[in-house]
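Asks: Got a predicted structure plus its sequence, pasted below:
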Amino acid sequence: MGTGAAELVRIVSRRMIKPPPSFSDSEEAVNIHLTPWDLCLITVDYIQKGILLPKPPGGGVVVDTLASSFARALGKFYPFAGRLVVEHHDGGTTTAVLLKCTGEGAEFIHAVAPGVAAADIAGSIHTPSVVWAFFPLNHVLGADAATESLPVLSAQVTELADGVFIGMSLNHSVGDGTAFWEFFNTWSEINRGGVDLRGPAPVHQRFFMDSSPVPIILPFSKLQDVVWRFERPTVQECFFTFSAASIQKLKARANSETPAAVTISSLQALLAHLWRAVSRARRLPPEQETSYSLLIGCRGRVKGIPQVYMGNAVVVAKASSTVGEILDKGLGWTACQLNRVVASFDEAGMADWLDRWTKKPDFLYAGAKSLGGAAVTTGSSPRFDVFGNDFGWGKPVTVRSGCGNKIDGKATVFEGPERGGSMSLEVCIAPDALQRLVVDEEFMDAVSMPM
């Protein structure tokens with residue numbers, strides 16, 4: 001982000017918001033030990049997602065009201081007001097990381113950007129660089145929160161010329177996209193109606209295999225020994241929305257090109273469409289190997305993990321092929337490659353990975369996923385409730401993400417603004433490839449609107 005974009009946003013105030021005094025009814029919640037799913041993500045940036053809202057009636061945002069509802073939401077998600085802490089073991093030669101539910105608070109920032117209009121964000125497929133300034137804790141890694149005692153959750157409310165942008169950053173080792181949007185949904189509901197009417201209470205205690213040591217000991221004397229700060233690539237972003245009807249056309253086409261025994265989902269069809277288009281836009285040679293990494297949720301797939309589990313519960317799966325194959329063999333064949341890696345998820349294999357990780361930790365590094373500009377990776381989910389986040393003065397206009405984990409080939413998927421099966425993709429690739437992607441007729445024919 002250029003300095004000019006950052007200068008459009010002025011910070012008015014910062015405060016640390018604490019949950020209500022009765023945030024924890026159980027002593028066992030004081031320390032939360034992290035699982036392999038959590039720890040492997042301590043080397044990546046914070047999750048950063050936010051929504052653009054219309055301007056409230058009467059003009060001004062009641063910042064104190066938002067701060068109050070934020071505090072009440074923290075009462076339900078009390079670990080988000082805690083701090084990551086490093087413990088030293090074995091005479092200082094090894095470490096363990098835990099989330100201490102200290103109640104120190106989550107950060108709440110009020111900012112203004114009077115020179116930025118809602119149309120600057122939602123009116124074009126191109127994402128302006130100023131959007132990154134709507135988020136706190138930019139380029140902060142999960143491990144930094146442990147070594148520098150930073151908040152694991154931070155929210156920023158930015159008043160625009162004719163709207164409001166609420167951006168939030170959550171340490172990825174503390175929670176995944178499910179946890180992120182559950183908090184966001186709870187916050188908006190409390191602000192909208194004064195009470196949280198959402199379903200079962202979130203489960204914050206972590207899931208460990210019976211054979212797993214608790215805490216998990218890392219074979220490093222310093223946590224920073226696992227950190228790799230890669231050079232951030234030059235990338236640009238575009239935001240594409242696909243109507244439910246457009247998604248259904250892609251799905252029908254993909255399924256018509258696949259064996260009857262295989263059923264391609266709407267998401268698989270859309271991501272296959274993107275994978276082929278990005279490969280064309282990159283002008284990669286036919287023999288070039290290309291891959292698509294996507295997240296598979298473990299809730300509902302692994303016994304003992306409830307839907308309201310608030311730790312990380314996702315695994316990365318990767319489909320690989322050559323560029324020539326995915327371009328020549330069509331949408332259905334490409335979607336089948338994605339379908340196959342999802343179908344191959346095995347609970348026993350997952351248990352084996354969890355066990356192996358405790359013996360030989362392996363961390364995720366966002367910079368390693370670019371693979372010479374031939375890879376695509378997708379995070380988030382169209383199942384997350386984005387457009388239900390009405391804070392009391394109107395539903396969101398659109399959604400955007402911050403600069404966290406932005407690499408060449410990163411695509412973030414959201415539910416579309418019309419909901420009901422529509423989806424949006426925020427695509428981040430090299431500038432020259434993006435220029436070709438937005439004029440790719442086959443890809444753009446399926447795009448419905450920029451928002």
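Replies: Yep, it's here. Residues are numbered from 1 along each chain as shown.
Asks: so where do the helices sit in this protein?
Replies: 3-7, 36-39, 63-76, 118-122, 142-148, 177-193, 244-256, 266-282, 323-328, 330-343, 347-359, 431-437, 441-444 (DSSP state H).
Asks: Could you export those helices as TSV, including mean pLDDT?
Replies: Below are the helices of the chain laid out as TSV (pLDDT from 0 to 100):
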stretch	mean pLDDT
helix 3-7	70
helix 36-39	98
helix 63-76	96
helix 118-122	96
helix 142-148	96
helix 177-193	96
helix 244-256	98
helix 266-282	98
helix 323-328	97
helix 330-343	97
helix 347-359	94
helix 431-437	97
helix 441-444	97
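Asks: Export those helices to TSV and append columns for mean neighbour count.
Replies: (Glycine included, C-beta is placed from N, CA and C.) Listed next are those as TSV, based on neighbours: other CB atoms under 10 Å:
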stretch	mean neighbour count
helix 3-7	11
helix 36-39	23
helix 63-76	19
helix 118-122	19
helix 142-148	21
helix 177-193	22
helix 244-256	18
helix 266-282	24
helix 323-328	18
helix 330-343	20
helix 347-359	14
helix 431-437	17
helix 441-444	12
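Asks: out of those helices, nearest to Q205?
Replies: helix 36-39 (12.3 Å; CB to CB).
Asks: just the CA coordinates of that closest one, formatted as CSV?
Replies: Extracted in CSV, the C-alpha atoms of helix 36-39 (Å, rounded to 0.1, in the frame of the first residue of the first chain):
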residue,chain,number,x,y,z
PRO,A,36,-1.1,-28.7,15.6
TRP,A,37,-3.9,-27.1,13.6
ASP,A,38,-3.4,-23.8,15.6
LEU,A,39,0.4,-24.0,15.8
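Asks: Can you get me the start-to-end distance on stretch 231-239?
Replies: The first residue of stretch 231-239 is 24 Å away from its last residue (CA to CA, to the nearest Å).
Asks: how about the helices of the chain in a markdown table, adding distance to D45?
Replies: As requested, these are exported to a markdown table (distance: least, CB to CB, whole Å):
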| stretch | distance to D45 |
| --- | --- |
| helix 3-7 | 17 |
| helix 36-39 | 15 |
| helix 63-76 | 22 |
| helix 118-122 | 21 |
| helix 142-148 | 8 |
| helix 177-193 | 13 |
| helix 244-256 | 29 |
| helix 266-282 | 22 |
| helix 323-328 | 29 |
| helix 330-343 | 25 |
| helix 347-359 | 21 |
| helix 431-437 | 21 |
| helix 441-444 | 27 |
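Asks: for those, which one sits closest to C238?
Replies: helix 431-437 (6.0 Å).
Asks: so what does the closest one touch, helix or strand wise?
Replies: Contacts defined by 3 or more CB pairs under 8 Å, 6 or more residues apart in numbering; DSSP states H and E place helix 431-437 against strand 236-242, helix 266-282, strand 423-429.
Asks: Can you give the distance of that helix from its chain's centre?
Replies: Its chain's average C-alpha position is 23 Å from that of helix 431-437, according to CA atoms, centre = their mean, to the nearest Å.
Asks: C-alpha coordinates for it, CSV please?
Replies: Provided in CSV are the C-alpha atoms of helix 431-437 (Å, rounded to 0.1, in the frame of the first residue of the first chain):
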residue,chain,number,x,y,z
PRO,A,431,-0.3,-7.1,-12.2
ASP,A,432,0.3,-8.2,-15.8
ALA,A,433,-1.7,-11.4,-15.3
LEU,A,434,-4.5,-9.5,-13.7
GLN,A,435,-4.8,-7.2,-16.6
ARG,A,436,-5.2,-10.2,-18.9
LEU,A,437,-7.7,-11.9,-16.5
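Asks: contacts for that helix?
Replies: With contact meaning CB atoms under 8 Å, 6 or more residues apart in numbering, helix 431-437 is reached by 234-238, 277-278, 280-283, 373, 427, 429, 443.
Asks: so where's the stretch 301-450 of the chain uncertain?
Replies: Within the stretch 301-450 of the chain, the ranges that satisfy pLDDT under 70 run 368-372, 450.
Asks: mind redoing it with 50?
Replies: Within the stretch 301-450 of the chain, no range satisfies pLDDT under 50.
Asks: what's the distance between the residue of the chain most remote from its centre and S221?
Replies: Residue distances from the centre of the chain (CA atoms, centre = their mean) peak at G91, which lies 36.8 Å from the mean C-alpha position. Going from G91 to S221 by CB to CB, to the nearest Å gives 9 Å.
Asks: for K318, same thing?
Replies: K318 is 32 Å from S221, by CB to CB.
Asks: what about V86, neighbour count?
Replies: 16 (other CB atoms under 10 Å).
Asks: before we move on, back to that, do you know which of the helices of the chain lies nearest E159?
Replies: helix 63-76 (8.6 Å).
Asks: Figure out how far that closest one is from the centre of its chain.
Replies: 22 Å.
Asks: How about stretch 423-442?
Replies: Distance, centroid of stretch 423-442 to centroid of chain: 20 Å (CA atoms, centre = their mean).
Asks: Stretch 359-376 too?
Replies: Put simply, stretch 359-376 sits 16 Å off its chain's centre (CA atoms, centre = their mean).
Asks: contacts for it?
Replies: 36, 39-45, 216, 218-219, 226, 228, 230-231, 233, 274-275, 278, 282, 284, 288-293, 316, 323, 377, 405, 407-411, 430, 433.
Asks: Please determine how far the residue nearest to R400 when sequence neighbours are not counted is located from V44.
Replies: Using CB to CB, 6 or more residues apart in numbering and skipping the chain neighbours, the partner closest in space to R400 is V131 (5.1 Å). Distance of V131 to V44, computed by CB to CB: 20 Å.
Asks: So for these two, which sits in the more crowded spot?
Replies: V131 (26 against 21).
Asks: neighbours around H110, how many?
Replies: 19.
Asks: bridging residues for it?
Replies: Beta bridges link H110 to S13, V157 when assigned by DSSP bridges.
Asks: can I assume it is in contact with V9?
Replies: No - distance between H110 and V9: 11.2 Å, which falls outside the contact criterion (CB atoms under 8 Å).
Asks: for the nearest residue to V63 once chain neighbours are set aside, what are its contacts?
Replies: The shortest distance from V63 to any non-neighbouring residue, by CB to CB, 6+ apart, is to H110 (4.9 Å). H110 makes contacts with 11-14, 63, 156-157, 159, as judged by CB under 8 Å, 6+ apart.
Asks: Can you turn the buried part of these into a PyMOL selection?
Replies: To isolate the buried ones among the contacts of H110 in PyMOL, judged by 16 or more other CB atoms under 10 Å, type:
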select buried, resi 63+156+157+159
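Asks: Compute the number of surrounding residues for the closest residue to G416 other than its chain neighbours.
Replies: If the residues on either side of it in the chain are set aside, G416 comes closest to S422, at 2.7 Å by CB to CB, 6+ apart. Number of residues near S422 (other CB under 10 Å) recorded here: 22.
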